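[1] Attaching a predicted model along with its sequence, questions to come.
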There are 2 protein chains.
Amino acid sequence: MAKRPTIAIQGIKASFHEEAALTYFGEEIETLECMTFKRMFEEMKQERADYIVMAIENSIAGSLLPNYSLLQDYNFPIIGEIFLPVQLHLLALPGLRFEDIKYVQSHPIAIRQCEEFLQDLQGITVLEKSDTAACAKEIQDLQLKDTVAIANLNAAKAFGLEVLERRIESNKKNYTRFLVIAREHEDIKDANKASVCFRVNNKPGSLAKVLTIFAQNNINLSKIQSMPVLGKPNEYNFYLDLEWTEQKAYDLSLRKILKYTHNLSVMGEYKSNDTRK
Amino acid sequence: MAKRPTIAIQGIKASFHEEAALTYFGEEIETLECMTFKRMFEEMKQERADYIVMAIENSIAGSLLPNYSLLQDYNFPIIGEIFLPVQLHLLALPGLRFEDIKYVQSHPIAIRQCEEFLQDLQGITVLEKSDTAACAKEIQDLQLKDTVAIANLNAAKAFGLEVLERRIESNKKNYTRFLVIAREHEDIKDANKASVCFRVNNKPGSLAKVLTIFAQNNINLSKIQSMPVLGKPNEYNFYLDLEWTEQKAYDLSLRKILKYTHNLSVMGEYKSNDTRK
């Protein structure tokens, strides 16, 4: 029997990162809990992890830009993506009543996603912590009888909590996009999406030229953003996600944009897996 | 004597937000401490604040995307910008020695900016809190003899702490960009920069068309990013910062891009104040 692959996730088991890893790889995996995003990359560098599953954007906060810097720093290739609907519930020790609640704890982004629900709760203190699942675990570990957590159903199951209120997120179409990152380059059959990064020549219109080349070759742009280059006030890294139906057209446009860009990196070529559509 | 304007800031006095407000408005202001970004907008809506000073991007994390959503939701105009160099120091109660340190506390982004320094500290626990200045204040309030804070010099002065180590940020050219937001539209003389937002028609190449129009009119693009529209998987808001030398050319290009965009909002027109250059 083949060894189960080890997947580095941010946060603890029963977190959204674990849910994403299970969705992509199935149940036959080992997960390696990492307290920070950077830690995941260190674990992979030390060969203690085979893959990383990392959140890269969600519909509330947009891109998690520091995670792009990690991709650049460590240079591990992206080999896939996962879109996970974000469903959030209010979890508590069994038997807890609404009037007992003094504290609600969760990750800041999860809190923002439940803002409308939380506005209706009077006299309750909101505590920001770094991991939704850890918030649930703490309630069980410390037997907190005045505290509830905002987390997913896996966390309720894993830590023996009750769902006090279901689906408290304001927008029911929230999602988080995760990237699957490998230690070494893997040839992905039928890749039709790429994440690339480049800088443009410091001439007006260089970026417009690049986007025109992609458009002329029917390359769809599903994301673009600039990020200032540290210490170079007038230079920007551009991060783009590209999608195509014809591999040839993609190859050709990469070749063509080199005239207007520099420091071009293909951070990964993979199969689009946008399950929201 | 005119009433001092009230400026809503995120965090407490002596935070980077207060520093930015003082830089822009001078000393003759009242600051209104708000614990969240959203709170600032609520205070202005209730007419308890005349202006908001809000961080919008920094050289480590990139854009603070949720703050763009707030600008859209409340529709208050941007009237100016401030670039603040981020200088971070290790602060402690007077007399504390390095070997007494058990905890370092600060805002997650400040922590990331001092990563190299922190890597050299062995056996010290890093605590993420929501405000650099509040981390410093807590040390004084609770007389913490085993804890240091990462914060600015204002915080050291305000809360009677000593600088144990100066300039511990990894990159000395870090900065944070803040926006100045008014309750009502103000006509800014000699405006040469705008922050705009739009969606493009769902045709390949629409964004390239828009950028080509700006380039042809010598409008400089100092920022671009896409952000998914909630609940519409294939639609994106694009946030752009534009800079020009000829007002006419800017006016003309806005008129022209309407053919390729919809939901166009000019979030503000103001004077570029990029003090990094």
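    Noted; the coordinates are in hand.
[2] Skip ahead from the helix or strand bottoming out on mean pLDDT in chain A and say which helix or strand is next.
    Across the helices and strands of chain A, mean confidence by mean pLDDT, DSSP states H and E is lowest for strand A:62-63: a mean of 72. Remark: after strand A:62-63, the chain's next helix or strand is helix A:65-74, criterion DSSP states H and E.
[3] ok, back up a step: give the partner strands of the least confident helix or strand of chain A in its sheet and their orientations.
    Paired neighbours of strand A:62-63 in the sheet (DSSP bridges): strand A:51-58 (antiparallel).
[4] Can I get the partner strand in CSV, CA atoms only?
    Extracted C-alpha coordinates of strand A:51-58, given in CSV (Å, rounded to 0.1, in the frame of the first residue of the first chain):
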residue,chain,number,x,y,z
TYR,A,51,1.6,19.2,-0.4
ILE,A,52,0.3,22.4,1.0
VAL,A,53,-3.4,23.5,0.9
MET,A,54,-3.5,27.3,1.3
ALA,A,55,-6.4,29.8,1.2
ILE,A,56,-5.7,32.4,-1.4
GLU,A,57,-8.9,34.5,-1.7
ASN,A,58,-12.4,34.7,-0.3
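[5] And the residue nearest the centre of chain A?
    Closest residue to the average C-alpha location of chain A: residue A:55 at 1.2 Å, with CA atoms, centre = their mean.
[6] can you list the weak-confidence ranges in chain A?
    For chain A, applying pLDDT under 70 flags the ranges A:1-2, A:60-61, A:202, A:233, A:277.
[7] just the helices in it please.
    A:16-25, A:37-45, A:65-74, A:108-113, A:115-119, A:132-141, A:153-158, A:206-216, A:247-257 (DSSP state H).
[8] could those be laid out in JSON lines, adding mean neighbour count and distance to residue A:102?
    Yep, even glycine has a C-beta here, placed from its N, CA and C like the rest. Formatted as JSON lines, these follow (neighbours: other CB atoms under 10 Å in any protein chain shown; distance: least, CB to CB, whole Å):
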{"stretch": "helix A:16-25", "mean neighbour count": "23", "distance to residue A:102": "26"}
{"stretch": "helix A:37-45", "mean neighbour count": "19", "distance to residue A:102": "31"}
{"stretch": "helix A:65-74", "mean neighbour count": "18", "distance to residue A:102": "33"}
{"stretch": "helix A:108-113", "mean neighbour count": "21", "distance to residue A:102": "16"}
{"stretch": "helix A:115-119", "mean neighbour count": "14", "distance to residue A:102": "14"}
{"stretch": "helix A:132-141", "mean neighbour count": "23", "distance to residue A:102": "12"}
{"stretch": "helix A:153-158", "mean neighbour count": "19", "distance to residue A:102": "20"}
{"stretch": "helix A:206-216", "mean neighbour count": "22", "distance to residue A:102": "51"}
{"stretch": "helix A:247-257", "mean neighbour count": "16", "distance to residue A:102": "55"}
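[9] returning to what we had before: hmm, the residue nearest to the centre of chain A is touching residue A:10, no?
    Yes. Counting by CB atoms under 8 Å, residue A:10 is a contact partner of residue A:55 at 7.1 Å.
[10] Show me whatever sits in contact with both of these two.
    Residues touching both residue A:55 and residue A:10 (CB atoms under 8 Å, 6 or more residues apart in numbering or on different chains): residue A:17.
[11] which residues touch the residue nearest to residue A:214 when sequence neighbours are not counted?
    Nearest non-adjacent residue to residue A:214, counting by CB to CB, 6 or more residues apart in numbering or on different chains: residue A:253, 5.5 Å away. Shown in contact with residue A:253 (CB under 8 Å, 6+ apart): A:213-214, A:216-217, A:219.
[12] Minimum distance to residue B:146: which of the helices of chain A has it?
    helix A:132-141 (22.9 Å; CB to CB).
[13] What helices and strands are in contact with the closest one?
    helix A:16-25, strand A:89-92, strand A:103-106, strand A:147-151, helix A:153-158 (3 or more CB pairs under 8 Å, 6 or more residues apart in numbering or on different chains; DSSP states H and E).
[14] go again using 6 Å as the cut-off
    strand A:103-106, strand A:147-151 (3 or more CB pairs under 6 Å, 6 or more residues apart in numbering or on different chains; DSSP states H and E).
[15] Residue B:131: which of those strands is closest?
    So among these, strand A:103-106 is nearest, using CB to CB, at 18.0 Å.
[16] Show me which residues of the closest one are buried.
    Residues of strand A:103-106 classed as buried: A:104-106 (neighbour count, 16 or more other CB atoms under 10 Å in any protein chain shown).
[17] number of nearby residues for residue A:143?
    9 (other CB atoms under 10 Å in any protein chain shown).
[18] And for it, nearest residue in space, chain neighbours not counted?
    residue A:93 (6.8 Å).
[19] how close does that neighbour get to residue A:139?
    Remark: distance between residue A:93 and residue A:139 (CB to CB, to the nearest Å) = 6 Å.
[20] before we move on, what about residue A:64?
    Applying CB to CB to residue A:64 and residue A:139 gives a distance of 26 Å.
[21] next one: residue A:195
    37 Å.
[22] and if you look at residue A:196?
    Using CB to CB, residue A:196 is found at 43 Å from residue A:139.
[23] quick one on the thing from earlier: intersect the buried residues of strand A:103-106 with the contacts of chain B.
    Of the residues in the buried residues of strand A:103-106, proximity to chain B by CB under 6 Å from any CB of the partner chain holds for none.
[24] residues contacting residue A:107?
    With contact taken as CB atoms under 6 Å, 6 or more residues apart in numbering or on different chains, residue A:107 is in contact with residue A:132.
[25] May I have the phi/psi pair for it?
    Dihedral pair for residue A:107: phi -70, psi 140, per degrees, to the nearest 10.
[26] Ok, residue A:190 next?
    According to degrees, to the nearest 10, residue A:190 has phi 60, psi 30.
[27] ok, back up a step: rebuild the buried residues of strand A:103-106 as CSV, extending it with distance to residue A:169.
    Listed next are the buried residues of strand A:103-106 as CSV, based on distance: CB to CB, whole Å:
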residue, distance to residue A:169
A:104, 14
A:105, 16
A:106, 11
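[28] Stretch A:213-224: end-to-end distance?
    15 Å (CA to CA, to the nearest Å).
[29] Tell me what residue A:193 is bridged to.
    residue A:243, residue A:270.
[30] Close to chain B: what parts of chain A are there?
    A:59, A:61-62, A:65-66, A:171, A:173, A:204-205, A:207-208, A:211-212, A:215, A:223-228, A:230-231, A:233, A:276-277.
[31] Any quick ChimeraX command for the buried ones out of those residues?
    Applying 16+ other CB under 10 Å to the residues of chain A next to chain B, the buried members can be selected in ChimeraX as follows:
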select /A:59,61,62,65,66,204,205,207,208,211,212,215,223,224,225,226,227,228,230,233
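[32] Which residues are in contact with residue A:114?
    Here residue A:114 is in contact with A:88, A:150, A:168-169 (CB under 6 Å, 6+ apart).
[33] Need the max-distance pair from these.
    A:150 and A:169 (8.7 Å).
[34] Find the residues that touch each one of these two.
    With CB under 6 Å, 6+ apart as the test, residue A:150 and residue A:169 both reach A:88, A:114.
[35] ok, the closest residue to residue A:114 other than its chain neighbours - how many residues close by?
    Leaving aside its chain neighbours, residue A:114 sits nearest to residue A:168 (4.8 Å; criterion: CB to CB, 6+ apart). Using other CB under 10 Å, residue A:168 has 20 neighbouring residues.
[36] so what's the backbone phi/psi at residue A:168?
    Per degrees, to the nearest 10, the backbone of residue A:168 is at phi -90, psi 10.
[37] follow-up on the earlier one: list the contacts for the residue nearest to the centre of chain A?
    Here residue A:55 is in contact with A:64, A:176, A:178 (CB under 6 Å, 6+ apart).
[38] try 10 Å
    A:9-11, A:16-17, A:20, A:37, A:61, A:63-64, A:67, A:82, A:84, A:109, A:176-179 (CB atoms under 10 Å, 6 or more residues apart in numbering or on different chains).
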